[in-house]
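*Asks:* Sequence first, predicted coordinates after that:
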Amino acid sequence: MRATLLLLILLLSGSSVFAQATPHPTPADSVALVAPAPDTVAAIHRLFAAKRKRNSHFFVGTVGVIAVGGVVIGTASSSWDGLAQAALGAVIIAFVGLPALTAETITALNYNKKSERQAVEDFQAHKVPRYLKRRLKPAYFQELPQSAPHGG
């Protein structure tokens, strides 16, 4: 038991020594921090593709919410008791579904293929809009992993 405890203490103390011995990376030149144009164009394409994909997923969810509101309205009885259920369905559609659908439509218009081409042209003309600069995160500049070829 004591030997195991001593071995564990030695192993744990060694990891902190190794962590302190690693050299600090040298800061890169400021010129090297500027990404070349093909990388930025690819990042713009990745940004627009990611926004379109995300928007399509939200669109499916919003249509589902609107459908649930429609089912709630459709299954309500025509008596006074069913009025509360129909009102609940209308509230779901009016206050959840329609605002989300409006936001998704605006996003779809902002990130369509035409807007993507315009953003690339603006970048090549050195006139990148502020909204695009803010949304270009470092993740969009990273290469996607290439799948290995299937060999036999």
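*Replies:* Thanks, I have the structure now. Numbers count the residues shown, from 1 in each chain.
*Asks:* In this protein, where is pLDDT below threshold?
*Replies:* For the chain, applying pLDDT under 70 flags the ranges 1-37, 144-152.
*Asks:* Now do the helices in it.
*Replies:* Here the chain has its helices, by DSSP state H, at 2-21, 37-74, 81-92, 98-110, 113-124, 130-135.
*Asks:* any chance of the ones you listed in a markdown table, plus mean neighbour count and distance to Gln142?
*Replies:* Every C-beta, even on glycine, is put in place using the N, C-alpha and C of the backbone. Putting these into a markdown table (neighbours: other C-beta atoms under 10 Å; distance: least, C-beta to C-beta, whole Å) gives the following:
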| stretch | mean neighbour count | distance to Gln142 |
| --- | --- | --- |
| helix 2-21 | 8 | 26 |
| helix 37-74 | 15 | 9 |
| helix 81-92 | 14 | 40 |
| helix 98-110 | 14 | 23 |
| helix 113-124 | 14 | 18 |
| helix 130-135 | 11 | 15 |
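*Asks:* Could you save the ones you listed as JSON lines and add columns showing distance to Glu143?
*Replies:* Conversion of these to JSON lines gives the following (distance: least, C-beta to C-beta, whole Å):
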{"stretch": "helix 2-21", "distance to Glu143": "29"}
{"stretch": "helix 37-74", "distance to Glu143": "8"}
{"stretch": "helix 81-92", "distance to Glu143": "43"}
{"stretch": "helix 98-110", "distance to Glu143": "26"}
{"stretch": "helix 113-124", "distance to Glu143": "18"}
{"stretch": "helix 130-135", "distance to Glu143": "19"}
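*Asks:* For Phe141, find the nearest of those helices.
*Replies:* Of all the helices of the chain, helix 37-74 sits nearest to Phe141, with 4.7 Å by C-beta to C-beta.
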